[in-house]
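Participant: After the sequence you'll find the predicted model.
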Amino acid sequence: QIIDGALFPALAFGLALLARFTVLADVPAAVMRVAIALLLALALHALAVRLVRRTLSKREAFWQALLARTRRPTRLAIIIAALGPAVSAAPLTGGQADAAMLGSISIEPALWPTSGLLDWLETYTFPAEQRYADPDVVAEGAARFLDALLSHGTTAAVVFPTVHKTSAEALFAQAQARTMRIIGGKVLMDRHAPDGLRDDVVQAERDCLDLIARWHGRHRLAYAVTVRFAPTSSDAQLAMAGALCAADPTLYMQTHVAENRAEVKWVAELFPEARSYLDVYARAGLLHPRSVLAHGIWLDEADRAALRASGAQSAHSPSSNLFLGSGLFDWRAAREAGVAVSLASDVGGGTSLSMLRTLADAYKIQALRGVKLSAWKSLHSATLGGAQALGLAHEIGHFEPGTLADVCVWDWAVGAVAEHRDAMARGR
């Protein structure tokens, strides 16, 4: 009876009875203390048994659900909000893959939007990144950043560190310690950036080659030739980046393209010989199957055809685009042109590391364009689709035999409102 629910009433009754008996029988205080101790020990033992039984019951439900899903390896459980993820067992998904943390591992987003991308870089991003020249700051920042990714269910990501070589080293070291699938590289910027954030072509190349030799292909890490965006790299630096890619086709390349109209106009002034913003990268040899280009809002049909022909992917960054007012990405046009589309948080321009929130923002952007983005298409872009675009489908993104167990377990609902909605969806 105590174990099945009357634990605390029984304890209260026992103590009252013992106290009454003590008064009537004039029991010594020492005996009273021993009796109370024995009664409390019985109560604690019963409570412990009850908790163990409850825990074992939950574990059993979880493993039953896991086995049920692995018997149907082609079926993914429903995700809850950013990249990754029925009795009431926990839903299971492949670990989420953020196609582009195109920002800084400082993960310090602006508290209030500015007049646009370029002003935001000067006001918030560059000052935050200048602090990452300090090895202690960058080590702490990399650890905090990767732990934040994992806490949001993201187990794989394409990441921008900063221009400092130490930032890439810290990112790779911390990712290796967590066995995460991380793609990143020292940011290249040799102009149009403040003091402390500019490199030069010769030293940048040396840094890249050293980082590639030490980290590329080591454990679950891969190197990405990382051009911040065209305006902050000279023609010579872009050519150097293209030469690195040509020398080793296993390298990735990441950058930004056509995010903001003012940015597009600036690029046209800086590179008058290029047909378009994207053409700047194409002329430098930076478009290939392992290229990840964030945003791509202001691209035309010729640009999308170039992306398709090269095999490069467009990393849609909806949260950042909404926050900075950059524009509405045309997902339908990209897919109809045969361009691979993946999802990216783009923190710090983005407002959350959660891929689920990123997917929700992607839905809103397409709704504003009059297009319905299905939950399954969103889920695919954040799991298997992202893995395929990165050439990692043999490793992550689904539950087929032979892949790694990069998985996330989600609560179907957390909080009274979410639990109520979940119950309504299940027809309860």
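Facilitator: On my side now, so go ahead.
Participant: avg pLDDT for stretch 363-374?
Facilitator: Mean pLDDT, stretch 363-374: 96.
Participant: just how off-centre is it within its chain?
Facilitator: When distances are taken as CA atoms, centre = their mean, to the nearest Å, stretch 363-374 is centred 22 Å away from the chain's centroid.
Participant: Please apply the same query to stretch 408-417.
Facilitator: Averaging C-alpha positions (CA atoms, centre = their mean) puts stretch 408-417 18 Å from its chain's average.
Participant: Counting neighbours, which bits of that stretch end up buried?
Facilitator: Residues of stretch 408-417 classed as buried by neighbour count (16 or more other CB atoms under 10 Å): C408, V409, W410, W412, A413. To be clear about C-beta, it is placed using only N, CA and C from the backbone, and glycine gets the same treatment.
Participant: now for the residues you listed, which pair is the farthest apart?
Facilitator: C408 and A413 (15.6 Å; CB to CB).
Participant: Within its local environment, how many residues does R275 see?
Facilitator: 15 (other CB atoms under 10 Å).
Participant: Also Y124?
Facilitator: 21.
Participant: Use 752 as the first number for this chain going forward.
Facilitator: Sure, I'll start numbering at 752, so the last one becomes Y875.
Participant: pretty sure it contacts V1098?
Facilitator: No: Y875 is not in contact with V1098 according to CB atoms under 8 Å; the separation is 11.9 Å.
Participant: Can I get the buried residues of stretch 1159-1168 in TSV including secondary structure, pLDDT and distance to W1049?
Facilitator: As requested, these are arranged in TSV below (DSSP: H, G, I helix; E, B strand; the rest coil; pLDDT from 0 to 100; distance: CB to CB, whole Å):
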residue	secondary structure	pLDDT	distance to W1049
C1159	strand	83	34
V1160	strand	84	39
W1161	coil	83	35
W1163	coil	85	39
A1164	coil	89	39
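Participant: same question for the helix or strand hosting D898, mean pLDDT?
Facilitator: Assigned by DSSP states H and E, D898 belongs to helix 886-902. Averaging pLDDT along helix 886-902 gives 92.
Participant: Repeat that for stretch 1063-1073.
Facilitator: 95.
Participant: now it: how far from the chain's centre is it?
Facilitator: 13 Å.
Participant: got the CA positions of that stretch in CSV?
Facilitator: Extracted in CSV, the C-alpha atoms of stretch 1063-1073 (Å, rounded to 0.1, in the frame of the first residue of the first chain):
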residue,chain,number,x,y,z
ALA,A,1063,27.1,23.6,-55.6
GLN,A,1064,24.4,24.0,-53.0
SER,A,1065,22.4,27.0,-51.8
ALA,A,1066,22.2,27.2,-48.0
HIS,A,1067,18.9,29.0,-47.3
SER,A,1068,19.1,31.1,-44.1
PRO,A,1069,15.6,32.2,-43.3
SER,A,1070,16.0,33.4,-39.7
SER,A,1071,18.8,35.7,-40.7
ASN,A,1072,17.1,36.9,-43.8
LEU,A,1073,14.0,37.9,-41.8
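Participant: buried sites along stretch 964-972?
Facilitator: Of the residues in stretch 964-972, W966, H967, R971, L972 count as buried by neighbour count, 16+ other CB under 10 Å.
Participant: and that stretch, how far apart are its ends?
Facilitator: 12 Å (CA to CA, to the nearest Å).
Participant: Return the distance of the closest residue in space to G1136 that isn't next to it in sequence relative to A928.
Facilitator: Spatial nearest neighbour of G1136, chain neighbours left out: S1093 (6.3 Å); criterion: CB to CB, 6 or more residues apart in numbering. Note on S1093: its distance to A928, by CB to CB, to the nearest Å, is 26 Å.
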